[in-house]
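Peer 1: Task: produce atomic coordinates for the following.
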Amino acid sequence: MRLSRQTLDRLPATVERPDYDPARLAVGIVHLGIGAFHRAHQAVFTDAVLADDPSWGICGVSLRSPETRDALAPQDGLYTLKVQDGEGEEVQVIGSVVELLCAPEDPEAVLARMANPATRIVSLTITEKGYCHNPATGKLDEGHPDVVHDLQNPARPKSAVGFIVEALARRASAGVPPFTLLSCDNLPSNGHVLKNVVTRFAELRDPALANIIRELASPSTMVDRIVPATTEKDRSDISAAIGVVDAWPIVTEPFRQWVVEDDFPLGRPAWEKAGVVFVDDVAVFEMMKLRLLNGSHSTLAYLGYLAGAETVAEAMALPGMEALIEGLMVEEVSPTLPALPGFDLAAYRRALLQRFRNPALRHRTWQIAMDGSQKLPQRLLGTIRDRIAAKASYDRLALGVAAWMRYARGLDEKGAAIDVRDPLAGRIAAAAQPLPRPEEIVAALLRVTEVFGEDLSSDEAFRDTLVRTLATLMSKGAAAAVKSFA
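Peer 2: Got it, this is the predicted structure:
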């Protein structure tokens, strides 16, 4: 028996259920990228306020695979959220997702829903690579295959940018005001980046349309919650706990944070009642999170994977790792952050270390290591640029970058192949894998200016630091390199 609206009453009393009738919800939000993070984060915040206004149900759109739709459609969009740490767990059914679409199968259905006047917000969690942009510059990659396709086939787009511009064009033709664009991805100034790539795409398609799009609202956000990929054991354990089958539950941590610039001309859910913080400028919060949490996470992932740690908690248990991460946050990252009056930065760092140690959260290092070429500019390289400008050291940050270089090369410490998932994986492996010496590998990868930009690619001191650090990793191994920080 599957989880569904019909089986909600059969669930144990210990399972929290929606405090509204999911059948009465109407779609007000279209979310592009209906993956695990959205369902553990924005969908949960929305679920908490739907009793007040049922017009803000979510239509979840998969841009690539029908897996999520196929799992959740038979469940009326319902799924289980298990929140756990070392002290216990809580189980809740989320009902905010009321419609599920798969864009490659029916792009017209997606466009019709986005163009519908009832849709007032289009939000996104499509990861950095989904923006079809150059991570080093933030500009639209006009040669990206999906961009080229979408400019030639506007009614059958593949990319998020293509869907957004076509839907906005249809709304403009019908006299419907533009929806608010809400990026929830880990990009600095994510709202500005999204609006820039969308506007540039529109310019290439129709300058008149671009003039309309320049006026739309695209607030920036900062999101934070650790969400591991769901395992078969998670599915089995949660289905047993709730007494019915849930094909795609979510497991996450207790901590959650969402900071949003309050710019929604067509309205928004009362998210503040669920703990969302609305601000005039999210930049200082997103920089703090990107550099402290995400920068540390990536460093943990590459070093941990190379040292044989399958999860973040296992990586944190490696001798020297906690000292390395704490030193990275305190000595190298924190001095680059702008002032946050009234915010306890030391307490935030302590909370991060505790979250990384959470043994109940099996967050795989391999999962975090994905798409490193897109993540490094925001998570590590921006901080390094600031440290260089301040004539300050960045040895721990460089260790994270060097670990990425070794990982992205596609061979582990025993010479076995690594399953590298990255848009530039083939190019990076072709450039660096045949090269045996650290200085050759560094030189080859610094030529990938989409990652390093022109400035770091030509910085001799940065190059020398990476060569020295990568040489240590290749001669002693990641575990020994980390242990030296104990």
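Peer 1: which ones are touching residue 431?
Peer 2: Residues in contact with residue 431, defined by Cβ atoms under 8 Å, 6 or more residues apart in numbering, are 444, 445, 447, 448. In short, each C-beta sits where N, CA and C put it, glycine included.
Peer 1: Let me know the closest of those to residue 405.
Peer 2: Nearest to residue 405 among those is residue 445, at 5.4 Å by Cβ to Cβ.
Peer 1: And the residue nearest to residue 321 when sequence neighbours are not counted, which helix or strand is it part of?
Peer 2: Among residues not flanking residue 321 along the chain, residue 482 sits closest, at 5.2 Å (Cβ to Cβ, 6 or more residues apart in numbering). In the assignment (DSSP states H and E), residue 482 maps to helix 478-483.
Peer 1: Centre of the chain to that helix, how far?
Peer 2: Taking Cα atoms, centre = their mean, to the nearest Å, one finds the center of helix 478-483 at 28 Å from the center of the full chain.
Peer 1: Can you tell me how far the nearest residue to residue 367 once chain neighbours are set aside is from residue 36?
Peer 2: Closest residue to residue 367 apart from its sequence neighbours, by Cβ to Cβ, 6+ apart: residue 229 at 5.4 Å. For residue 229, the distance to residue 36 equals 6 Å [Cβ to Cβ, to the nearest Å].
Peer 1: higher neighbour count, those two?
Peer 2: Applying other Cβ atoms under 10 Å to residue 229 and residue 36 shows that residue 36 carries more neighbours, namely 19 against 14.
Peer 1: which residues does that one contact?
Peer 2: 227, 228, 229, 230, 250.
Peer 1: at 7 Å instead, please
Peer 2: Shown in contact with residue 36 (Cβ atoms under 7 Å, 6 or more residues apart in numbering): 227, 229, 230, 250.
Peer 1: how many other residues sit next to the residue nearest to residue 321?
Peer 2: Residue 482: 29 neighbours (other Cβ under 10 Å).
Peer 1: do residue 49 as well
Peer 2: 20.
Peer 1: next one: the one 5 residues further on
Peer 2: Applying the criterion other Cβ under 10 Å, we find 17 residues in the vicinity of residue 54.
Peer 1: Tell me how far it lies from residue 477.
Peer 2: Distance of residue 54 to residue 477, computed by Cβ to Cβ: 56 Å.
Peer 1: cool, residue 247 as well?
Peer 2: Applying Cβ to Cβ, the value for residue 247 to residue 477 is 40 Å.
Peer 1: could you show me where the strands are in the stretch 101-250 of the chain, in order?
Peer 2: 121-124, 180-183, 221-224, 250-252 (DSSP state E, counting those that start in this stretch).
Peer 1: List the buried residues of the shortest one.
Peer 2: Going back to what we said before, that points to strand 250-252. 250, 251, 252 (16 or more other Cβ atoms under 10 Å).
Peer 1: which residues does the first one contact?
Peer 2: With contacts taken as Cβ under 7 Å, 6+ apart, residue 250 has the following neighbours: 36, 39, 40, 79, 81, 227, 230.
Peer 1: Of the residues you listed - the most surrounded one?
Peer 2: So for those (other Cβ under 10 Å), the most neighbours sit at residue 39, 29 neighbours.
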